[in-house]
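*Asks:* Provided below for reference: sequence and predicted model.
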Amino acid sequence: MKLASFLPSLFGLLGNVGSAALGDKMAAYNTAAQTAVKAAVTKVDDGVDHLQTAFKSWEANNPVAQEAIDGTVGLLRDLGIAVPKEDVVVTHVKAAIADLAGIFVPVTSTAAVPAASTDTQAG
């Protein structure tokens with residue numbers, strides 16, 4: 001067996017395994033962030049209001065944001081998953097807040113919808 005013919009298939013296989021592992025890790029980060037944000041909304045007084053504020057303008061000292069960041073890190077550690085740098089955790093928490101804000105926070109602005117024409121005259 002020639003090594004040159006074997007290496008490309010080996011690298012392809014390792015690339016696929018690496019991509020799957022990375023995908024699993026990203027899914028774990030997303031799930032932990034979603035769970036932590038949901039828990040933060042229920043734990044913090046006026047959680048939905050803080051969720052809306054965090055969605056409109058990110059501030060790390062927002063009680064829901066801070067609780068969600070701490071919760072995400074805690075969940076990942078409890079699951080035995082290596083905790084990424086804080087900016088990665090914050091990115092996933094922001095994404096979870098954006099997802100959940102669409103569910104929990106009512107839309108406060110309405111888009112202008114043209115009125116249906118009632119003109120029945122034929123042109």
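*Replies:* In hand now; what should we look at?
*Asks:* in this protein, which spans are helices?
*Replies:* Secondary structure of the chain by DSSP state H: the helices cover 3-43, 47-56, 63-78, 86-104.
*Asks:* confidence-wise, which of those is weakest overall?
*Replies:* Lowest mean pLDDT within the helices of the chain: helix 3-43, a mean of 66.
*Asks:* ok, the closest residue to Glu86 other than its chain neighbours - contacts?
*Replies:* Excluding the flanking residues, the one nearest Glu86 by CB to CB, 6 or more residues apart in numbering is Ile69, at 7.5 Å. In short, each C-beta sits where N, CA and C put it, glycine included. Ile69 makes contact with 36, 60, 86, 89-90, 93 under the criterion CB atoms under 8 Å, 6 or more residues apart in numbering.
*Asks:* what's the closest of the residues you listed to Gln52?
*Replies:* Checking the contacts of Ile69 against Gln52 with CB to CB, the nearest one is Val93 at 15.1 Å.
*Asks:* residue contacts, the closest one?
*Replies:* Applying CB under 8 Å, 6+ apart to Val93 gives the contacts 33, 36-37, 65, 68-69, 72.
*Asks:* redo that, cut-off 6 Å
*Replies:* 33, 68-69, 72 (CB atoms under 6 Å, 6 or more residues apart in numbering).
*Asks:* Ala96 too?
*Replies:* Here Ala96 is in contact with 33-34, 37 (CB under 6 Å, 6+ apart).
*Asks:* rerun at 10 Å
*Replies:* By CB atoms under 10 Å, 6 or more residues apart in numbering, Ala96 lies in contact with 29-38, 40, 68, 72.
*Asks:* one more: Lys43?
*Replies:* With contacts defined as CB under 10 Å, 6+ apart, Lys43 is in contact with 36, 63-64, 67-68, 71.
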